[in-house]
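Student: what's the 3D shape of this:
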Amino acid sequence: MHGIERLEADYAQLSRVTGEALPFCQHAWHASWCRHFLNCDPRIEEAPLFHILRNARQECVAILPLIVSRRRLGPLKVVSVSSLGADPAITEIRTPLILKGYEP
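Tutor: Next up is the predicted model:
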């Protein structure tokens with residue numbers, strides 16, 4: 001599972017301190033989304049690209065879940081990065097988990 005499972009404790013701690021209760025910001029949603037909705041087309045390679053920010057005490061203060069997509073168009077390789085959940089078939093709120101004061 002691409003290392004997402006190792007972030008469960010970070011998600012729990014960050015959700016607790018931010019008070020974020022939206023299901024679309026939670027570990028279970030992101031792990032499930034990656035398990036079920038990452039592209040299966042052999043011409044398109046997708047992988048989670050989660051950015052984790054830690055403070056000086058190594059506490060997780062931000063989680064930004066992204067998906068990187070790689071496509072081949074003849075001799076060209078096209079790479080794009082989008083928010084996890086940017087799927088036109090599912091309506092959801094795509095927002096990172098960020099502790100107040102670390103938004104910039």
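Student: backbone phi and psi for Asp24, please?
Tutor: Quick fix: residue 24 reads Phe, not Asp. phi -80, psi 0 (degrees, to the nearest 10).
Student: pull the helix or strand with minimum mean pLDDT from this structure.
Tutor: Scoring the helices and strands of the chain by mean pLDDT, DSSP states H and E places helix 27-37 at the bottom, with a mean of 87.
Student: can you give me the buried ones in that one?
Tutor: For helix 27-37, the neighbour count (16 or more other Cβ atoms under 10 Å) marks 27, 29-31, 33-34 as buried. C-betas here are computed from N, CA, C, even on glycine.
Student: which residues of this structure fall in strands?
Tutor: Taking DSSP state E, the strands of the chain run over residues 44-54, 60-73, 76-83, 97-98.
Student: related to what we said a few turns ago, from the buried residues of helix 27-37, which is closest to Cys60?
Tutor: His27 (11.4 Å; Cβ to Cβ).
Student: surely that closest one touches Glu8?
Tutor: Yes. Between His27 and Glu8 there is a contact under Cβ atoms under 8 Å: 4.9 Å.
Student: what's the closest non-adjacent residue to Asn55?
Tutor: The shortest distance from Asn55 to any residue other than its chain neighbours is 5.2 Å, reached at Val61 (Cβ to Cβ, 6 or more residues apart in numbering).
Student: and that neighbour, what is it in contact with?
Tutor: Neighbouring residues of Val61 by Cβ atoms under 8 Å, 6 or more residues apart in numbering: 14, 53-55, 98-99, 102.
Student: same thing but 7 Å
Tutor: 53-55, 99, 102 (Cβ atoms under 7 Å, 6 or more residues apart in numbering).
Student: how near is it to Lys100?
Tutor: Look at Val61 and Lys100: by Cβ to Cβ, to the nearest Å, they are 9 Å apart.
Student: what do you get for Pro48?
Tutor: 25 Å.
Student: of these two, who's got more company?
Tutor: Neighbour tally, Pro48 and Lys100, criterion other Cβ atoms under 10 Å: the higher count belongs to Pro48, 19 against 9.
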